[in-house]
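Chemist: Pasting the sequence and the predicted model now:
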Amino acid sequence: MSDILSSFMAKSTIKAADLEHRRKVAFNISRYDAVVPVGKQQFHDVHLARERAKNVKWRAIEMLDTYLEEFESNITRRGAKVIWAEDAKQALEAVMKICEEKNCKTIVKSKSMVTEEIHLNDYLEKKGIESVETDLGEYIQQLDGEPPYHIVTPAMHKSKEDVAKLFYDKLGTAPNLSPSELTLIAREKLRTKYVEAEIGITGANFLIADIGGIAVTENEGNARLSASFPKTHIVIAGIEKLIPSMTDLALFWPLLATYGTGQRITVYNTIVTGPKQANEVDGPEDMYVILLDNGRTNILANEKTRESLYCIRCGACLNACPVYKNIGGHAYGTTYSGPIGSVITPQLKEMGDWKHLSYASSLCGNCTEVCAVKINLHELLLENRHEAVEEGAATFSEKFAWKIWKKASLSRKMMNMGNQKMKNWAVNKMFKGWTAHRAPLDFPAKTFNELWKEKYEPKK
């Protein structure tokens, strides 16, 4: 068993048994479940809206090279500089080069999963540059030395008491502050950073090809401040974030808001098309857009899993997944957790090291049912399992066990062979891995075939 798999099994076992952890997560997801149906009421036909969004993303991904070039051409025309990064190393080096040119000591950063993917904060810290998370949830996680727990709500696993204690320990505040008071403390701490920072870094919810724009949606205004206060603005975005036209935002912004947080629309919605222009009085003097591949073209080249690039990172599949609700986001051991993380992580990284995530699923299909852009997530999980076997990532014992199971299940004679006790012993004792993290299988006293014969076939 690899170290990655061992870590996943250990963390998931601990978290699944932590009832207090599960209570906090269940409480926060229940609040999400209560408001999403209200948000959906804005759509005349929400299923049609999702289908149209999927078709737009299909067109964008199928013509990704064309749209990326169109985006680059349009945004560079307004003074922004586009940097292409094949992997995390190139992206980090590009950021560091800009920091050195600007003599940067402090960075303010809005919420961005792609910067978590390349471990930007850790890299900058080693280089002696302060990188401050300005999203409240991300700020809480940074104070606690933890990565985000959830794609949309980074500190979902923490209660208000947990946050109050954290602020007391790290910032010396009173130990029993209310959520409103804690928010005001964070605001006071962060506002000074926007003025001090030489560089602001944001992600992008969407890259708009026809106008060369960056679309950012948020509820706190911190991304807008991070993009406009510092003299230099850096955008880091995965190449799959492309949408063809600004008019597509009329569909995608409400969908992302409803499926992400249950809102009709988020509070702040911003389009940035370049640095400060000659006739403008504010905004950054320089703007850089780093377009990150980091394995995405591997997914693009795979016709069956390409669909996963349609994801708009709303997090709905995490909230719907029974596995995620029980083991939590950190157990996955990777940036993207839940069903979408289980689909894309083995494709972005090494299938052999990460294939276990595709097995961390009941295949109930709830993730597919709630996906804002109708990605067939449960089918892609099965496709990952198939690819793992085809690539030889399955162990000998695993292949041997399933070979025996297949042979027995396809033979009526073998299925009828032996009594209940013998079958239970064969599966639960011989294949010890099955019961290590599952309840023992309990075969019926008689097979369906035997019961059928007794009831309907005449005795000879």
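Modeler: Now that the structure is in, tell me what you want to look at. Numbers count the residues shown, from 1 in each chain.

Chemist: where does this protein have its least confident helix or strand?
Modeler: Lowest mean confidence among the helices and strands of the chain (mean pLDDT, DSSP states H and E): helix 432-436, at a mean of 71.

Chemist: where does the stretch 351-460 of the chain dip in pLDDT?
Modeler: Scanning the stretch 351-460 of the chain for pLDDT under 70 picks out 431-433, 459-460.

Chemist: Now for the nearest residue to Lys349 once chain neighbours are set aside: which residues touch it?
Modeler: Nearest residue to Lys349, sequence neighbours excluded (CB to CB, 6 or more residues apart in numbering): Gly295, at 6.8 Å. From N, CA and C alone the C-beta is placed, and that goes for glycine too. Neighbouring residues of Gly295 by CB atoms under 8 Å, 6 or more residues apart in numbering: 87, 347-349.

Chemist: if you count residues, which helix in this protein comes out on top?
Modeler: Longest helix in the chain by number of residues, with DSSP state H as the criterion: helix 19-40.

Chemist: for the record, mean pLDDT for it?
Modeler: Averaged across helix 19-40, the pLDDT comes to 95.

Chemist: Check the offset of the following helix or strand past it from the chain's centre.
Modeler: Next in sequence after helix 19-40, counting helices and strands by DSSP states H and E, comes helix 46-62. Distance of helix 46-62 from the chain centroid (CA atoms, centre = their mean, to the nearest Å) equals 19 Å.

Chemist: Tell me what angle the helix or strand that helix 46-62 is followed by forms with helix 46-62.
Modeler: Helices and strands here follow DSSP H and E; after helix 46-62, the next one along the chain is helix 64-76. Calculated by axes from the mean of the first three to the mean of the last three CA atoms, to 10 degrees, helix 64-76 forms an angle of 90 degrees with helix 46-62.

Chemist: any idea where the strands of the protein begin and end?
Modeler: Counting by DSSP state E, the chain has strands at residues 81-85, 106-109, 130-133, 199-202, 206-208, 213-218, 232-238, 242-243, 268-272, 286-292.

Chemist: on that earlier part again, put the alpha carbons of the longest helix of the chain into CSV.
Modeler: Taking Å, rounded to 0.1, in the frame of the first residue of the first chain, the C-alpha atoms of helix 19-40 are listed here in CSV:
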residue,chain,number,x,y,z
LEU,A,19,-19.2,12.4,15.3
GLU,A,20,-18.5,16.1,16.3
HIS,A,21,-16.8,16.7,13.0
ARG,A,22,-19.7,15.1,11.1
ARG,A,23,-22.2,17.2,13.1
LYS,A,24,-20.5,20.5,12.1
VAL,A,25,-20.4,19.5,8.5
ALA,A,26,-24.0,18.2,8.5
PHE,A,27,-25.1,21.5,10.1
ASN,A,28,-23.4,23.7,7.5
ILE,A,29,-24.5,21.5,4.5
SER,A,30,-28.1,21.6,5.9
ARG,A,31,-28.1,25.4,5.7
TYR,A,32,-26.9,25.1,2.1
ASP,A,33,-29.6,22.5,1.2
ALA,A,34,-32.2,24.9,2.6
VAL,A,35,-31.3,27.8,0.4
VAL,A,36,-30.4,26.2,-2.9
PRO,A,37,-34.1,25.3,-3.9
VAL,A,38,-34.9,29.0,-3.3
GLY,A,39,-32.1,30.1,-5.6
LYS,A,40,-33.3,27.7,-8.3
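
Chemist: Could I get the buried residue list for it?
Modeler: In terms of neighbour count (16 or more other CB atoms under 10 Å), helix 19-40 has its buried residues at 21-22, 24-25, 28-29, 32, 36, 39-40.

Chemist: Summarise which helices and strands it is packed against.
Modeler: With contacts defined as 3 or more CB pairs under 8 Å, 6 or more residues apart in numbering; DSSP states H and E, the packing partners of helix 19-40 are helix 3-16, helix 249-261, helix 316-320, helix 322-327.

Chemist: Show the contacting residues for the residue nearest to Gly283 when sequence neighbours are not counted.
Modeler: Nearest residue to Gly283, sequence neighbours excluded (CB to CB, 6+ apart): Lys276, at 3.6 Å. For Lys276, the contact set (CB under 8 Å, 6+ apart) comprises 282-285.

Chemist: possible to save these as JSON lines with pLDDT and distance to Glu387?
Modeler: Shown next, in JSON lines, are the contacts of Lys276 (pLDDT from 0 to 100; distance: CB to CB, whole Å):
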{"residue": "Asp282", "pLDDT": "89", "distance to Glu387": "50"}
{"residue": "Gly283", "pLDDT": "91", "distance to Glu387": "46"}
{"residue": "Pro284", "pLDDT": "96", "distance to Glu387": "43"}
{"residue": "Glu285", "pLDDT": "96", "distance to Glu387": "47"}
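
Chemist: Whichever of these end up buried, select them in PyMOL.
Modeler: With 16+ other CB under 10 Å as the criterion, this PyMOL line picks the buried residues out of the contacts of Lys276:
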select buried, resi 283+284
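
Chemist: Reformat the contacts of Lys276 as JSON lines; add distance to Lys304.
Modeler: Formatted as JSON lines, the contacts of Lys276 follow (distance: CB to CB, whole Å):
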{"residue": "Asp282", "distance to Lys304": "47"}
{"residue": "Gly283", "distance to Lys304": "43"}
{"residue": "Pro284", "distance to Lys304": "41"}
{"residue": "Glu285", "distance to Lys304": "45"}
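
Chemist: Of the contacts of Lys276, which is the nearest to Leu300?
Modeler: Closest to Leu300 out of the contacts of Lys276 is Pro284 (31.1 Å), distances taken as CB to CB.

Chemist: Looks like the closest one contacts Ala227 (just checking).
Modeler: Yes. Counting by CB atoms under 8 Å, Pro284 does reach Ala227; the two are 7.0 Å apart.

Chemist: Now list whatever residues contact both of those two.
Modeler: 200, 233.

Chemist: Could you pull out the helices in the stretch 101-250 of the chain for me?
Modeler: Secondary structure of the stretch 101-250 of the chain (DSSP state H, counting those that start in this stretch): helices at 113-117, 120-126, 136-143, 160-171, 179-196, 222-228, 249-261.

Chemist: quick one: which of the ones you listed is nearest Asn366?
Modeler: Closest among the helices of the stretch 101-250 of the chain, using CB to CB: helix 249-261, at 13.5 Å.

Chemist: ok so, going back, how far away is the residue nearest to Gly283 from Ile340?
Modeler: Distance, Lys276 to Ile340, by CB to CB, to the nearest Å: 36 Å.

Chemist: Distance across stretch 420-436, terminal residue to terminal residue?
Modeler: Across stretch 420-436, the terminal residues are separated by 21 Å (CA to CA, to the nearest Å).
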